[in-house]
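Participant: Model the structure of this input:
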Amino acid sequence: MGSVTERPAPSRVAAVPRRMRQVCAALAVVVVAVMVWVAATLPGTTNTVVSYGTVDQFAMVGIGLVLAAGIVALGRSRVDADAEGVRFRNIALGQALPWSSVRAVAFERKSPWASLVLENGDEVSLLAIQAVDHERAVAAVEGLRALHAAARANDPKPPPLLY
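Facilitator: Numbering: from 1, shown residues only. Now for the predicted structure:
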């Protein structure tokens, strides 16, 4: 049997949720199309109860565009990592962490996305690395683990537990 050779750590890792971006883009197009159709078929009537006009039609299209922008924003997640640390954005908020504050990169078999286990015991989800992206997700997690291992290689060993 041949020996397993370790691959060198990549210099950078970047990941985005490909499948989620595709689904969000398609859904946003559907929402805009439905709202344009609603605006086009909105009756231009005036009666004693409700009056619809051109302004209401433009408002419907505007609401559709705002909803579509919100849907597309769901796919904005991103992870970028290098030898210094990992930077990630989950939907709206971004964060940067040095590798010294990361204990492990976790991607459980049943998890929908990867996560970082921090030294303080917290866990941070990485929504950009999703299980539905299959090989891309696995490659991103392997790259993050290699960068983490390389960055933490010279850390001192913790003392043995006394209990």
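
Participant: helix or strand right after whichever strand or helix holds A25?
Facilitator: Using DSSP states H and E, the element containing A25 is helix 18-41. Counting by DSSP H and E, the next helix or strand C-terminal to helix 18-41 is helix 54-73.

Participant: pLDDT of that following helix, averaged?
Facilitator: On average, the pLDDT along helix 54-73 is 92.

Participant: Packing partners of that helix?
Facilitator: Counting contacts by 3 or more Cβ pairs under 8 Å, 6 or more residues apart in numbering; DSSP states H and E, helix 54-73 packs against helix 18-41. For the C-beta atoms, the positions are set from N, CA and C on the backbone; glycine is no exception.

Participant: and the helix it packs on, what other elements does it pack with?
Facilitator: Against helix 18-41 (3+ Cβ pairs under 8 Å, 6+ apart) you get helix 54-73.

Participant: neighbouring contacts of whichever helix or strand comes after the helix it packs on?
Facilitator: Scanning forward in sequence from helix 54-73 by DSSP H and E, the next helix or strand is strand 78-82. Outside of strand 78-82, the residues within contact range by Cβ atoms under 8 Å, 6 or more residues apart in numbering are 11-16, 86-89, 126, 128-129, 140, 143-144, 147.

Participant: For the residues you listed, which ChimeraX command selects only the ones that are buried?
Facilitator: Burial among those is assessed by 16 or more other Cβ atoms under 10 Å; the matching ChimeraX selection reads:
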select :13,15,16,86,88,89,126,128,129,140,143,144,147
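
Participant: Next, check the contacts of strand 78-82 against the strands and list the overlap.
Facilitator: Within the contacts of strand 78-82, residues falling in strands by DSSP state E are R12, V13, A14, A15, V86, R87, F88, R89, L126, A128, I129.

Participant: Could you report the distance from the first one to A81?
Facilitator: Distance check for R12 against A81: by Cβ to Cβ, to the nearest Å, it reads 7 Å.

Participant: just to revisit the earlier point, can you tell me which of the ones in strands among the contacts of strand 78-82 lies nearest to N154?
Facilitator: For the ones in strands among the contacts of strand 78-82, the minimum distance to N154 (Cβ to Cβ) is 18.2 Å, reached by V86.

Participant: does the closest residue to I129 other than its chain neighbours count as helix, strand or coil?
Facilitator: Using Cβ to Cβ, 6 or more residues apart in numbering and skipping the chain neighbours, the partner closest in space to I129 is A114 (3.9 Å). Three-state call for A114 (DSSP: H, G, I helix; E, B strand; the rest coil): strand.
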